Structure formats: structure tokens, C-alpha cells
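K.L.:
The following comprises the amino acid sequence and a computationally predicted model.
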Amino acid sequence: AVVSTQSTGNNSITRYPLVIILHPSSHSLQSMVRPGGHGKKGRGDPNKVKNNWKYDKNKERNKLRKQGIVVPKEPKDPNAKPKFNTKPKFNKHPQFKVPPNAKGYKFWEDKKGKNGGDKGEGNNKRKHEGKFDKTKQIKGKGGDYDPTKRRRVGDSEKANVVTEAKRLWELIRQKKIDKTKRDNLVAELMKVINGKILDIIFKHDASRVVQVVLKFGTEEQRKVVFEALKGEMRTLTKSHHANHLVKKIMKYGTPEQAAAILRELIEKGKFAKLLVHRDASKVLEYFYSDVANGEQKKMILNQFYGPEFALFHSATSSKNIEDIIKEQPEKKDYILKHIRMVIEPIINSKPELLRRTLVQHLVLTFLNHGYASSIAEIIQNLLPLIIEILQTRDGAKIGVLCAVHAGVKGRKTLLKSMKNLIPQIAREEFGHVVLLSLLDVTDDTSMTTKIIVSGLVTDLRNLILTRTGSLVVLQILAPNSGYFPQATKNLLEAPLIASSSDPKQLVPASKKDPEVRRKENFVALENDLVRVCLEGMDSFIRSVEGTNVVFEAIRNCKDKDAILKRVLKCVTSESTETNGEKEEPQKHVLEDLVAGRFLKRLIKEENLGFAKLLHEDLY
């Protein structure tokens, strides 16, 4: 005992008196003296590992029991917690009620009706409790379960209402049904759900029942539904299923009802937070893009300019940002700060919301009025996402601003994101403008020829016959000429950016001479352009877009004589091609209005030599 005291200390001797007296050389004593004696970290140190001494004592007791020595067990502590909890916590509280909209609480029912379940419903059935309860199909063993039914726990009356409403809904929504019969069914449905609309609309099936009333009901019936939901619009817009009902009210209701919904959303406060909500943002997008008038759009946008403009501006006093900055220049920084607080989290964390036109308008506003340093930070995060927003007008304008202000590295990033998508972008009504801007400001022509020109060549013949595709080709042949609409020319005209040395000084976005850049791009396109013109001349000569490209190809290509002879062959040829599946013969070139104007234009240009070539062929 004395040697053990010197080796292990007084605490070890007092804690294991039995082990020291009976077996002073036991393995357990060695493990206590030498920490880690069992090969595991800290096993022999009772001060570091809390419960290891229990394991060692039990093992020692078993060894003694094998040798015939009876060791009494320690009495159990009645207040000690069990090592393993064998029963789920929620089984102890069968009457516990889950708060409304709570997620993650599930109760198991058993055959005897314990744990808050109903008797005789089978084993292992889950149900959710609360105000808006999720439903669960009960799959019977016999296979005779009707999948159209749902359980709504805790309110049998509500379940009966929904079942009857769904039966009528199935009849109303049929396409081949008499109008009088449908009106009678809608009236009967209104009697069933009247007074219970707000209780049932948070389910996917019951929400559709109310939507069909808005679609086929009368104005009085729609008003009843609107009055029942009045005051709860913010909750409805944030619901996964009920937000569709709000959009139906905006679509089929009166303009006054839509305006009342907007006022309610604004008066509740925190309007900007709805824009980043998954479901509420759909309602705002629908109202802004399809329902709102000019004044209502200004009212919505003012909610993102800061609390001062959100709280103290009505629909009649709302102004656009240009007028506000003109009247109060000191408010510019205040407005831009709050707009950035809205759009920056969306760009960084929720890029899918950039498809909303309302978000795009806010981003465009910030890029148009922001300072160079803040714009550069936003653009660097926007570049990989531009490809997703080229389908809208504001999205295309954002793409043009990014192409202008991104710099050399940023333009390379933007071009790489468009790789293998050039033909699709060239056909976009608004997105093709981004390609025009990249051809106009990118000095690295090796990148533009490798990505843009090569992408155009893959489907050049079909692109020439489309309005937007022909404009992309014409940007290489005759950039910013009369072929382009005035709005496009204004967007592309003389892009200027802030100088890196002096932010207040504006310099051109491109350093290379425009004509040199155009020729370098044209060299990569020339051979394929001549080949396509020779192959598809019969189609091009009858198309406005095709004749514009062919005319500029004759003016720029070295092998213009081959193209002129191909045009002459179309004029002198007596054979006509078939047009479509009906195989109706096309008119002769001289009888076609577009072709006649094109030939007249060629003859007037004396330096092209078409008049001389035509005269020699005829005479």
C-alpha cells in the first residue's frame, strides 16, 4: 500500500481499496498507474476520463467472481439519469400541441390509440398537429384505399368541407361543361366554403378549389373571397400554396382589389424582405410585371430606396430615381446605399432571384447611378450570372454595362460563360445586344473570333435569315450603321468608363482602333460568309435580313465577283424552287418585292459592278 501511495497518489488508493488489498499486481492497477495502459487515450487516468473507472471496476469484479470471490454490487442511485433513453420524448406528452406552422414535430400513433393517435388506424402512422396540418395518405393492407382522400387531423368538420368542395371542383374544372351548369356548381361550392375560406386555403388541393371560384365565379363571388382574405395578404403571399390565390385575385379581380393588396403589403412594413422570400417574390414579380400601372411601379420601387421614401411617399407622390436625384442631389448616396443592401445579398446568396424583372430593374438602377468603385464590385459578382438574364430588356442592358465596365479580365470571363451558346444568344430579342457590345469594346479579337465568330459559323445560314441574328453578323460587316434600331445605337454609342487614375475622368472603354478591330473579326468570318452566301442565295435574295447581309458581304469580301455571279444566276434562271411541304413554286426573283428592291440597290452602286455584269449577260 505504501508503494502504491507513492506511485499513484492518495486519491487512487482511497478510490480502489479493494483492488490494492486483494490484487496489488493486477492489470487494472497497472493501467491506473500508467495512463493509457489499455492502449486507448487517457484510459488509465480517472481524472481525465469520467466514466472509465466504472468500466475497470466491473471488469475486476467479473475476474474476482470467476475465482469464487463474491463482491457485493454498489447500490443504485435513484436520482441517476439512465444511460440510454429507450422512449421517445414526445411519447411522454401525448397532449402536446404543436404551434401553427411548426415544422419537424411528428407523432407516431399505435393501434391502441396511445400517444395522441386515433384508435384502430394501424401501426406506424404519422400525423402533424397544428392549425395548418400537413396530410398523410393511409395505405391500407387490402389496397382499397382511395388516394383522392386526405386526413386533416383535429377537425373532422374541416375535412368534410374539403372533401365536398373537391368533389364540386372536379366537376367545375372540366372543359366540356355547360356554362349554366358550371355557374350552378360554383354557387353550390360557395355555399360549402363560405366562412371557412381562410381555414382551408393553406393546402395545395383546397387552395385550387378557391382559385376555381375566382376563375369562373361572378364579380360578387370574387368579392366575397377577397373580403374573406382581406388583412391576411402578407401571410398568404409567403405561403407555398396560398400565394397562387393572391395572384389569381390580381388576375381576375378588379384593379381596386389589386391596389388594395399592394397597400396592405406596404402598410404591414418590411416590404423589401418579401423580395428575397421564395414564394412572396413570385407575387411581387407578377404584380410588378403584369398588373401594376406606372404609378404603382414607382410606389413599389420607392420601397427599396430607404425608410424615408418607403414610409412618407404615397402612390400620388412617388417619383422615379432620376427626378429624386435632380430635386435632392444629397439623397443619391442614401438611395444607392439601400438599393445595394437589397441587391448584394441576392447576387451573392440567391442568384436565382435575378430572373425577377423587379430585381433586374434595381440592379440596373444601381449600375446607372452608382460610383465606379461600387459598380466594379457588383459587376465582378454579376459576370457569371449574365447568361441567365439575357431574355429581358433590363437584363440585356445589365449585360451591356457589364461588358463595358468589366475590363479585360471581366470580358474574358463573360465570353467564356457564353461559349457554345452564341447561336441561342444571337436569336434572343434583347440578349443579342450583349454580343454587339462585346464585338464593339473587346480589344482581344482572338477571344471574340474564337468564341463569337466561331459560334456564329456553326449556324450562319439560319442566323442570317433572322432579324437579331443578321444584326450580329452586320456588326462585323458594318458596325453601328443604319441597319440597327435607334435604341440599340444609343445603347452602344461611344461607351465611356471611369479612368483608373482619376475616377472623375471618363475614357473610352476600348483602346484599339474600331476599324482595326472590325477587320480582324471580319477576316475570321469572310470565307464562311462567302460559302454560305453561295449556298443559300435563293433564300437570302427574298429576305430583307438576307439581302442586307449579302449586300454588305459584296462590299467587304474579296471574292465579291463569285457572290455577284450567284445573284445574276438567280435573276436569269427560269427554274423556281418549291416552298415548304406543299411544294408550291415560288415567284420568280423579278416578281418578288424584296428581291426587286435588292437588285435595284445593287444596280445603283456603280462601284460594285453588278450593272455592268448584268448588261453583259443580257446583251
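P.N.:
Cool, the structure landed.
K.L.:
which strands and helices sit next to the helix or strand where Leu439 lies?
P.N.:
With secondary structure defined by DSSP states H and E, Leu439 is part of helix 432-441. When contacts are defined as 3 or more C-beta pairs under 8 Å, 6 or more residues apart in numbering; DSSP states H and E, helix 432-441 sits against helix 393-405, helix 407-417, helix 422-426, helix 467-477, helix 486-492. The C-beta positions use only the backbone N, C-alpha and C, and glycine is treated the same way.
K.L.:
And whichever strand or helix holds Glu520, what's buried?
P.N.:
Element membership for Glu520, per DSSP H and E: helix 514-535. Of the residues in helix 514-535, 517-518, 520-522, 524-526, 528-530, 532-533 count as buried by neighbour count, 16 or more other C-beta atoms under 10 Å.
K.L.:
Restricting to C-alpha, output whichever helix or strand comes after that helix in PDB.
P.N.:
Counting by DSSP H and E, the next helix or strand C-terminal to helix 514-535 is helix 537-540. Extracted C-alpha coordinates of helix 537-540, given in PDB (Å, rounded to 0.1, in the frame of the first residue of the first chain):
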ATOM      1  CA  MET A 537     -28.700  32.800-102.200                       C
ATOM      2  CA  ASP A 538     -32.100  31.600-103.300                       C
ATOM      3  CA  SER A 539     -33.400  32.200 -99.700                       C
ATOM      4  CA  PHE A 540     -31.400  35.300 -98.900                       C
END
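K.L.:
Tell me the helix or strand right after helix 537-540.
P.N.:
Scanning forward in sequence from helix 537-540 by DSSP H and E, the next helix or strand is helix 544-556.
K.L.:
pLDDT of the helix or strand just after that next one, averaged?
P.N.:
Using DSSP H and E, the helix or strand that directly follows helix 544-556 along the chain is helix 560-572. Looking at helix 560-572 alone, the average pLDDT works out to 90.
K.L.:
Which neighbouring elements make contact with helix 560-572?
P.N.:
Judged by 3+ C-beta pairs under 8 Å, 6+ apart, the packing partners of helix 560-572 are helix 514-535, helix 537-540, helix 544-556, helix 593-604, helix 610-618.
K.L.:
6 Å - rerun?
P.N.:
For helix 560-572, the packing partners by 3 or more C-beta pairs under 6 Å, 6 or more residues apart in numbering; DSSP states H and E come out as helix 610-618.
K.L.:
need the helices for the stretch 151-300 of the chain, in chain order.
P.N.:
All helices of the stretch 151-300 of the chain, identified by DSSP state H, counting those that start in this stretch, fall at 156-172, 179-193, 197-200, 204-216, 219-229, 233-237, 243-252, 255-267, 271-274, 280-286, 294-302.
K.L.:
Any chance of those in CSV with mean pLDDT and distance to Cys557 as columns?
P.N.:
Listed next are these as CSV, based on pLDDT from 0 to 100; distance: least, C-beta to C-beta, whole Å:
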stretch, mean pLDDT, distance to Cys557
helix 156-172, 85, 65
helix 179-193, 93, 64
helix 197-200, 87, 70
helix 204-216, 90, 58
helix 219-229, 93, 64
helix 233-237, 92, 58
helix 243-252, 94, 53
helix 255-267, 91, 57
helix 271-274, 89, 55
helix 280-286, 94, 47
helix 294-302, 91, 48
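K.L.:
okay if I get the ones you listed as TSV plus distance to Val400 and mean neighbour count?
P.N.:
Below are these laid out as TSV (distance: least, C-beta to C-beta, whole Å; neighbours: other C-beta atoms under 10 Å):
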stretch	distance to Val400	mean neighbour count
helix 156-172	48	17
helix 179-193	50	16
helix 197-200	47	19
helix 204-216	40	20
helix 219-229	42	16
helix 233-237	33	21
helix 243-252	32	21
helix 255-267	31	17
helix 271-274	27	17
helix 280-286	23	21
helix 294-302	21	19
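K.L.:
Between those helices, which one is closest to Glu606.
P.N.:
Distances from Glu606 to each of the helices of the stretch 151-300 of the chain were compared by C-beta to C-beta, and the smallest falls on helix 294-302, at 52.1 Å.
K.L.:
Report the inter-axis angle for that closest one versus helix 255-267.
P.N.:
Inter-element angle recorded for helix 294-302 and helix 255-267: 10 degrees (by axes from the mean of the first three to the mean of the last three C-alpha atoms, to 10 degrees).
K.L.:
was I right about Leu214 contacting Lys248?
P.N.:
Yes. Taking contacts as C-beta atoms under 6 Å, Leu214 lies within contact range of Lys248: 4.5 Å.
K.L.:
Quick check: the residue nearest the centre of the chain vs Ile389, distance?
P.N.:
For the chain, the residue whose C-alpha lies nearest the mean C-alpha position (C-alpha atoms, centre = their mean) is Glu352; its distance is 2.4 Å. Distance, Glu352 to Ile389, by C-beta to C-beta, to the nearest Å: 11 Å.
K.L.:
re the thing from before, take the helices of the stretch 151-300 of the chain and lay them out in a markdown table including distance to Leu382.
P.N.:
Output for those, formatted as a markdown table (distance: least, C-beta to C-beta, whole Å):
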| stretch | distance to Leu382 |
| --- | --- |
| helix 156-172 | 45 |
| helix 179-193 | 47 |
| helix 197-200 | 41 |
| helix 204-216 | 36 |
| helix 219-229 | 38 |
| helix 233-237 | 27 |
| helix 243-252 | 28 |
| helix 255-267 | 28 |
| helix 271-274 | 20 |
| helix 280-286 | 19 |
| helix 294-302 | 20 |
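K.L.:
Select, out of these, the one closest to Leu456.
P.N.:
Of all those, helix 280-286 sits nearest to Leu456, with 33.3 Å by C-beta to C-beta.
K.L.:
Show me what the closest one is packed against.
P.N.:
Checking 3+ C-beta pairs under 6 Å, 6+ apart, helix 280-286 ends up next to helix 243-252.
K.L.:
what sits up against the helix it packs on?
P.N.:
The contact list for helix 243-252 (C-beta atoms under 6 Å, 6 or more residues apart in numbering) reads 201, 207, 210-211, 214, 226, 236-237, 258, 279, 283, 286-287, 291.
K.L.:
hmm, back to that, closest one of the buried residues of helix 514-535 to Ser510?
P.N.:
Looking at the buried residues of helix 514-535 and their distance to Ser510, the nearest is Arg517, at 7.2 Å (C-beta to C-beta).
K.L.:
What distance do you get for the closest residue to the closest one other than its chain neighbours to Ile69?
P.N.:
Closest residue to Arg517 apart from its sequence neighbours, by C-beta to C-beta, 6 or more residues apart in numbering: Thr445 at 6.0 Å. Look at Thr445 and Ile69: by C-beta to C-beta, they are 95 Å apart.
K.L.:
One more: Gln380?
P.N.:
For Gln380, the distance to Ile69 equals 78 Å [C-beta to C-beta].
K.L.:
And Ser281, by the same measure?
P.N.:
Spatial separation of Ser281 from Ile69 under the definition C-beta to C-beta is 76 Å.
K.L.:
Okay, angle between the helix holding Glu520 and helix 560-572 too, please.
P.N.:
Helix 514-535 runs at 40 degrees relative to helix 560-572, counting by the same axes, to 10 degrees.
K.L.:
what sits up against helix 514-535?
P.N.:
Outside of helix 514-535, the residues within contact range by C-beta under 6 Å, 6+ apart are 445, 448-449, 453, 457, 460-461, 476, 479, 550, 553, 557, 559, 563, 566.
K.L.:
one more time with 8 Å, if that's ok
P.N.:
Residues outside helix 514-535 that contact it (C-beta atoms under 8 Å, 6 or more residues apart in numbering) are 439-440, 442-443, 445, 448-449, 452-454, 456-457, 460-461, 464, 473, 476-477, 479, 510, 540, 549-550, 553, 556-559, 562-563, 566.
K.L.:
Neighbours of Ser499, how many?
P.N.:
Other residues lying near Ser499 total 12 when counted by other C-beta atoms under 10 Å.
K.L.:
For it, give me its contacts.
P.N.:
For Ser499, counting by C-beta under 8 Å, 6+ apart, the contacting residues are Gln505, Leu506, Val507.
K.L.:
List the single closest residue to the last one in space, sequence neighbours excluded.
P.N.:
Meaning Val507. Ser499 (4.8 Å).
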